[in-house]
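**Student:** Sequence below, structure please.
(one chain, ligands or ions: 1)
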Amino acid sequence: MCTAATYLTGDFYFGRNLDYEFSYGDEVTITPRNYPFHFRSLEKELTAHYAMIGMAYIAGDYPLYYDAVNEKGLCIAGLNFVGNAAYQEPVPEKDNVAQFELIPWLLGQCASVKEARELIARMNLTNIPFSEKLPLAQLHWLISDRTESITLEAMKDGLHVYDNPVGVLTNNPPFPYQMFQLNNYMQLSPATPENHFSKELPFKTYSRGMGAIGLPGDLSSQSRFIRAAFTKMNACSGDSEEESVSQFFHILTSVEQQRGCCLLENGKYEITLYSSCCNADKGIYYYTTYDNRQISAVYMNHEDLESSTLVRYPIIQKASIHTVN
Ligand SMILES: C[C@H](CCC(=O)NCCS(=O)(=O)O)[C@H]1CC[C@H]2[C@@H]3[C@H](O)C[C@@H]4C[C@H](O)CC[C@]4(C)[C@H]3C[C@H](O)[C@]12C
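**Tutor:** A predicted model of the protein is given here:
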């Protein structure tokens, strides 16, 4: 399971929890403007494009991004959509983009969600795998900038683009079902509840936080969607970088997966391998890992963005404890 979210203070923040039972070997990866992107079914090459930063597995010299942000502040995260994602054979009349090419294709060329919508309208998301060892990932995507978010789902009946007014995405079921479920929670509130049950019964609030009784606490993707939406829509913080980043990680923490709570059929546990928070305006990628709660930061603009070589920073997994005496 995974959860992605957006957050706007003075700057715009975008990030995700990557929940899984193993890591592919994740690296914070900066693709500078002149790194050449070749596309499997397109004649067009992107030899000059927007620079981007995100988490990727680098296969050969190719950045297989999980989530990334470009220098214009456009952001994308891919999340599992198993059993529902369906990709097509290439067709002559469309831009045929392989599933693993989607993030470079959009972030390389689009400065906003509006521009991404235009490319998506001409796009066919194809079923060409990266390699035999790295078969198709069944995903759907949260695509955001500071003004709007959309959800992109490729299903048997074609590509769907949904407005995403919540700025949150988890996994199954398809996005319209996720959104519809929110209707069942409209009574939840961060404020102290009032008695609408019966005037004849003398109810008392015995604890703070009772306004959100009924907020689902389990790890299913539907429940994480509701919980992350509630937390994000009610989140508030100061505008400073420290306050914004701290608050963003708290939103993600509301849906993190602790080892032991989600047992898979293979006997392994799914956990939150990393949490990321990208300042999309400044190109700063912050992350924590399951065992390293210290926030690490990689600045895209500290690198030579005119270069043609990937810049890679393997994630720091080892805990760092600040000893004070
Ligand atoms: C496993 C990741 C998604 C995590 C997630 O949503 N978990 C929820 C589990 S579930 O709801 O319970 O199924 C996804 C997100 C991005 C994916 C990677 C990216 O798409 C990039 C390449 C794409 C290649 O086709 C496969 C390897 C890969 C390197 C992918 C491996 C894996 O599928 C990743 C890492």
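
**Student:** Return the residues of this structure in contact with the ligand.
**Tutor:** Applying C-beta under 6 Å from any ligand atom, we find that the chain lies next to the ligand at 1-2, 18-20, 24, 57, 64, 66, 78-80, 82, 100, 129-130, 134, 136-137, 139, 171, 221. All C-beta atoms are positioned from the backbone trio N, CA, C, and that covers glycine.

**Student:** From those, list just the buried residues.
**Tutor:** Among these, those classed as buried by 16 or more other C-beta atoms under 10 Å are 1-2, 18-20, 24, 57, 64, 66, 78-80, 100, 129-130, 136-137, 139, 171, 221.

**Student:** if you skip the residues just before and after it, what's nearest to the closest residue to the ligand within the stretch 151-300 of the chain?
**Tutor:** Relative to the ligand, the nearest point of the stretch 151-300 of the chain is Asn171 (3.6 Å; C-beta to the nearest ligand atom). Spatial nearest neighbour of Asn171, chain neighbours left out: Ser221 (3.7 Å); criterion: C-beta to C-beta, 6 or more residues apart in numbering.

**Student:** who touches that neighbour in this structure?
**Tutor:** For Ser221, the contact set (C-beta atoms under 8 Å, 6 or more residues apart in numbering) comprises 1, 170-173, 178.

**Student:** List the ones among those residues that fall in helices.
**Tutor:** Taking DSSP state H as the definition of helices, the contacts of Ser221 contribute Gln178.

**Student:** which one of the contacts of Ser221 is nearest Glu89?
**Tutor:** Within the contacts of Ser221, the smallest distance to Glu89 is 24.4 Å, found for Asn172 (C-beta to C-beta).

**Student:** Span of stretch 135-143 from start to end?
**Tutor:** 23 Å (C-alpha to C-alpha, to the nearest Å).

**Student:** ok, now stretch 187-202?
**Tutor:** Taking C-alpha to C-alpha, stretch 187-202 runs 20 Å from one end to the other.

**Student:** all helices for the stretch 201-325 of the chain, in order.
**Tutor:** Ranges of helices in the stretch 201-325 of the chain, per DSSP state H, counting those that start in this stretch, are 221-234, 241-253.

**Student:** same thing with the stretch 1-150 of the chain?
**Tutor:** 102-109, 113-121.

**Student:** for those, which one ends up most surrounded?
**Tutor:** Mean neighbours per residue, mean count of other C-beta atoms under 10 Å, is largest over the helices of the stretch 1-150 of the chain for helix 102-109, with a mean of 24.

**Student:** Kindly format the C-alpha coordinates of that one as PDB.
**Tutor:** Taking C-alpha atoms only, helix 102-109 is exported to PDB below (Å, rounded to 0.1, in the frame of the first residue of the first chain):
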ATOM      1  CA  LEU A 102       5.300   8.100 -18.100                       C
ATOM      2  CA  ILE A 103       7.100  10.200 -15.400                       C
ATOM      3  CA  PRO A 104      10.000  11.300 -17.700                       C
ATOM      4  CA  TRP A 105       7.500  11.900 -20.600                       C
ATOM      5  CA  LEU A 106       5.300  14.300 -18.600                       C
ATOM      6  CA  LEU A 107       7.800  15.900 -16.300                       C
ATOM      7  CA  GLY A 108      10.300  16.400 -19.100                       C
ATOM      8  CA  GLN A 109       7.800  18.500 -21.100                       C
END
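
**Student:** helices or strands up against it?
**Tutor:** strand 52-59, strand 62-70, strand 75-80, helix 113-121 (3 or more C-beta pairs under 8 Å, 6 or more residues apart in numbering; DSSP states H and E).

**Student:** who wins for proximity to Thr192 among the ones you listed?
**Tutor:** strand 75-80 (34.6 Å).

**Student:** Verify the stated contact: Met179 with Val168.
**Tutor:** No: if you go by C-beta atoms under 8 Å, Met179 and Val168 don't touch, sitting 9.9 Å apart.

**Student:** For those two, work out which one has more neighbours and name it.
**Tutor:** Val168 (28 against 18; other C-beta atoms under 10 Å).

**Student:** Mind listing the residues bridging to the more buried one?
**Tutor:** Note on Val168: beta-bridge partners Ala5, judged by DSSP bridges.

**Student:** What residues does it make contact with?
**Tutor:** Val168 neighbours (C-beta under 8 Å, 6+ apart): 3-6, 142, 225, 228-229, 232.
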